[in-house]
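Trainee: give me a 3D structure for the following:
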Amino acid sequence: MIIGQLPGQRGFSLLELAIVISIIGVSAFMFISLVVPGNMDGRTITGSGASVSSDRRLSAAESLARGQSQLLGFLRARNRLPCPDTTGDGQENCDAVDQDSGRPQQRGRVPYRTMGLAQPLMNSDQQHIVYAVYRRPHSSASLDMDLAVLRNRKDPELPGNTVTGVSNAVDFCWAVRSAARSAHSADYVHTNIENPLNQAFALIDPGSTDADNSGSLTDGANSPSNGSPPWGFAQPSEPLTETYDDVVLSVGFAQLAARVGCPGLVGGVNSAARAAVAADDVAALTEFFASFRAYSLTVAEQDITMADVGMGFAVAGGLLTAVDSGVAIAQGINSGGSAAAAAAAGIAVSVALQVEAMVSAGDGVSSAREARDDSEALRDAAITARDQTRSYASALLQNAITVEREARLR
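Mentor: This next block holds a predicted model:
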């Protein structure tokens with residue numbers, strides 16, 4: 001049996017279904033707009049709030065990387081980081097002092113004119129990049145950690161009291177090494193406000209607006225207006241939200257030391273200094289050995305003199321014996337000359353013994369002279385090696401620039 005369609009029964013047409021779906025979509029959009037704050041220019045809405053778009057973050061990373069490259073280039077040329085520009089004229093202000101702390105100013109702009117750049121470092125929104133550098137001076141040069149000032153901090157002792165007195169990359173690396181070994185302090189450039197982690201330098205892209213309405217273009221921990229220290233900054237991993245649109249790039253001491261090649265540089269200088277000291281010790285030892293051989297030669301020459309004197313005494317003694325035995329000699333003549341022959345034989349034996357002593361002393365002189373000459377040659381070679389090693393160590397200290405370091409900074 002065929003069942004027909006009941007009267008008044010029918011489904012939605014495609015047109016009606018499309019209209020209903022459109023109404024539902026518009027209603028949902030209006031509901032979300034009322035519940036979630038309106039999205040900002042260049043931002044996207046997420047379940048946890050507003051965050052800077054990926055394009056914004058990529059552009060910030062590009063400007064910060066460019067700034068980092070420029071700073072490393074300055075470091076390669078000057079063996080230090082630049083002081084911040086605190087006046088906005090593009091020049092570094094190394095004498096600027098923070099009024100509250102009395103310490104050297106650590107925060108400002110990138111001093112592009114001092115660095116030889118044509119334009120200031122700005123982000124894609126034409127806002128100046130903030131620059132901060134670790135400046136921790138000390139009255140003792142070896143303990144100084146002001147990374148924006150070049151001082152003769154590291155001068156290994158070389159033999160002969162050789163002092164280069166030259167400030168170079170070794171001294172910068174020594175300051176970085178000292179800073180890395182020091183306790184972290186909120187008084188100097190750092191990230192992680194609650195638990196400060198000191199950094200060699202930091203660059204901050206402030207975004208385009210004062211997102212947190214703090215009165216400063218920088219937001220959150222990056223803004224002194226929020227009560228944060230001027231040289232305290234948020235972590236580079238700080239999430240970007242509706243009230244925070246900054247991007248931070250910070251470089252720690254270990255990271256900078258590795259980039260510059262400090263371990264190899266300082267290690268090479270120390271090794272060269274130790275080699276110079278060792279060569280000096282060898283030269284001193286061989287010089288003492290040569291002087292000992294010279295003394296042996298003097299003793300041998302004195303042995304010849306003593307043998308010569310001994311021969312004289314032997315001859316004189318024989319003659320005295322002959323005089324004292326005159327009667328015996330006369331009697332010996334009468335008895336066939338046996339006594340005279342005995343006396344003459346005694347004199348001959350005494351003289352022969354002294355001649356043998358002189359010959360032996362002469363051989364000793366020859367051997368001592370050869371030993372002295374050999375030891376003096378060894379001494380001269382050691383002195384030459386010492387001087388060459390000392391010169392190498394001194395040159396390494398003065399130049400302190402290697403092909404490896406140049407390659408690392410490119």
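
Trainee: what residues go with each domain of this structure?
Mentor: 51-260, 272-409 (automatic domain parsing).

Trainee: which one of those domains has the lowest average pLDDT?
Mentor: Ranked by mean pLDDT, these bottom out at domain 272-409, which scores a mean of 59.

Trainee: which residue is the nearest non-sequential neighbour of R78?
Mentor: Spatial nearest neighbour of R78, excluding adjacent residues (C-beta to C-beta, 6 or more residues apart in numbering): L150 at 7.0 Å. The C-beta positions use only the backbone N, C-alpha and C, and glycine is treated the same way.

Trainee: isn't there a strand covering that neighbour?
Mentor: No. Counting by DSSP: H, G, I helix; E, B strand; the rest coil, L150 is not part of a strand but coil.

Trainee: pull the contacting residues for it.
Mentor: Applying C-beta atoms under 8 Å, 6 or more residues apart in numbering to L150 gives the contacts 78-80, 167-168, 171-172.

Trainee: measure it to C83 for me?
Mentor: Separation of L150 from C83 (C-beta to C-beta, to the nearest Å): 11 Å.

Trainee: just give the closest residue to A148, not the sequence neighbours.
Mentor: That would be C83: by C-beta to C-beta, 6+ apart, it lies 4.4 Å from A148.

Trainee: let me see the residues that make contact with stretch 120-129.
Mentor: Contacts for stretch 120-129 (C-beta under 8 Å, 6+ apart): 59-60, 62-64, 66-67, 70, 90, 109-110, 112, 131, 203-208, 217.

Trainee: okay, and the beta partners of G232?
Mentor: G232 has these beta-bridge partners by DSSP bridges: H190.

Trainee: sorry, wrong one. I was asking about I204.
Mentor: V130, V248.

Trainee: list the helices and strands the helix or strand that contains L64 packs on?
Mentor: Per DSSP states H and E, L64 falls inside helix 54-78. Using 3 or more C-beta pairs under 8 Å, 6 or more residues apart in numbering; DSSP states H and E as the contact test, the elements touching helix 54-78 are strand 201-205, strand 247-251, helix 253-260, helix 403-409.

Trainee: with mean neighbour count added, can I get those in a markdown table?
Mentor: Formatted as a markdown table, the helices and strands packed on helix 54-78 follow (neighbours: other C-beta atoms under 10 Å):
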| stretch | mean neighbour count |
| --- | --- |
| strand 201-205 | 27 |
| strand 247-251 | 22 |
| helix 253-260 | 18 |
| helix 403-409 | 13 |
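
Trainee: closest one to R136 among those?
Mentor: helix 253-260 (11.3 Å; C-beta to C-beta).

Trainee: show me what the closest one is packed up against.
Mentor: helix 54-78, helix 169-181, helix 403-409.

Trainee: take those and write them to JSON lines, including distance to S237.
Mentor: Output for the helices and strands packed on helix 253-260, formatted as JSON lines (distance: least, C-beta to C-beta, whole Å):
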{"stretch": "helix 54-78", "distance to S237": "12"}
{"stretch": "helix 169-181", "distance to S237": "21"}
{"stretch": "helix 403-409", "distance to S237": "26"}
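
Trainee: any idea which of those helices is most buried?
Mentor: Looking across the helices and strands packed on helix 253-260 with neighbours counted as mean count of other C-beta atoms under 10 Å, the highest average goes to helix 169-181: a mean of 23.
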